[in-house]
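> Could you look at this predicted model? Sequence included:
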Amino acid sequence: MKALIVVDYTYDFIAEDGRLTCGEPGRQIEERVALLAETFWDKGHYVIFAVDVHEENDPFHPETALFPPHNVRGTKGRALFGSAGIVYERLARQDQDRLYWLDKTRYSAFAGTNLEIKLRERGITELHLAGVCTDICILHTAIDAFNRGFSVTIHQDAVQSFSKTGHEWALNHFENVLGANVTASYDVPSVD
């Protein structure tokens, strides 16, 4: 079984006025992220939206000293951005068993969450990743997936970051250190 994990594709990370935005590179992947979610869903696979959640100025959270407040609980910053939000709303009106919203408080979607339990219960062994940021939350999620024995595919035209250098470094790391499949999302229709 397969699952697509869309990581942090939210207003704060993507919108022009987002609190920690990737800017235009993040907006350029919007249609690819939405297409992936729809394609995986239409093929009967699982679709997971792993979404950062923070408390404003939490003195105990390690990111507080590193980044401006972002994806704060109860703010518009946590809303899925653009087409990803539209796709999520459409899917949420259908079979809830294959759609999962996962609140995460660390870079990795596995850290401190029940993600691995959900995946194992459903017999999912293959994970596909899309969203932001390639060299932060996508990277840490991929490393944790690799260390837990999951097969990992990164959709290079559906991930992006703050830095082109970091983005390219992470794509290389996925392929050459984690043995991940780095592919383009237009290849998805051939995935059964």
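The structure has been received and is ready for your questions. Source: prediction; values computed, not measured.

> where does this structure have low pLDDT?
The chain contains residues with pLDDT under 70 at 185-192.

> Can you list the residue ranges for helices in it?
Taking DSSP state H as the test, the helices found in the chain are 11-14, 24-28, 30-42, 82-92, 115-121, 139-147, 164-176.

> which one of these has the most crowded surroundings?
helix 11-14 (a mean of 26; mean count of other CB atoms under 10 Å). Just so you know, the C-beta spots here come from the backbone N, C-alpha and C atoms, and that holds for glycine as well.

> Just the CA coordinates for that one, please, in PDB.
Taking Å, rounded to 0.1, in the frame of the first residue of the first chain, the C-alpha atoms of helix 11-14 are listed here in PDB:
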ATOM      1  CA  TYR A  11      -0.700  29.700   4.200                       C
ATOM      2  CA  ASP A  12       2.200  30.700   6.500                       C
ATOM      3  CA  PHE A  13       4.700  28.700   4.400                       C
ATOM      4  CA  ILE A  14       3.400  29.600   0.900                       C
END
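
> and that helix, how far out from the chain's middle?
On the basis of CA atoms, centre = their mean, to the nearest Å, helix 11-14 sits 12 Å off its chain's mean C-alpha point.

> For that helix, which outside residues touch it?
Residues outside helix 11-14 that contact it (CB atoms under 8 Å, 6 or more residues apart in numbering): 18-22, 26-27, 30, 52, 70-71, 75-82, 132-133.

> before we move on, back to that, I'd like the helices of the chain as CSV, with distance to Ala158 appended.
Supplementary listing: the helices of the chain in CSV, determined by distance: least, CB to CB, whole Å:
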stretch, distance to Ala158
helix 11-14, 13
helix 24-28, 10
helix 30-42, 4
helix 82-92, 10
helix 115-121, 19
helix 139-147, 14
helix 164-176, 12
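
> For His128, find the nearest of those.
Nearest to His128, of all the helices of the chain, is helix 30-42, at 7.1 Å by CB to CB.

> for that closest one, packing partners?
strand 2-7, strand 46-52, helix 82-92, strand 126-132, strand 151-160 (3 or more CB pairs under 8 Å, 6 or more residues apart in numbering; DSSP states H and E).

> any idea how far the residue lying farthest from the centre of the chain is from Lys104?
Each residue of the chain has a distance to the centre, and by CA atoms, centre = their mean the biggest one is for Pro59: 25.5 Å. Distance, Pro59 to Lys104, using CB to CB, to the nearest Å: 20 Å.

> His70 too?
13 Å.

> shared neighbours, these two?
Asp52.

> Now do stretch 156-175: everything it contacts.
So stretch 156-175 is contacted by 22-23, 25-26, 28-29, 32-33, 36, 129-136, 138-139, 142, 152, 154, 180-186 (CB under 8 Å, 6+ apart).

> from the middle of its chain, how far away would it be?
How far stretch 156-175 lies from its chain's middle: 13 Å, per CA atoms, centre = their mean.

> Do me a favour and get the end-to-end distance for that stretch?
One end of stretch 156-175 sits 11 Å from the other (CA to CA, to the nearest Å).
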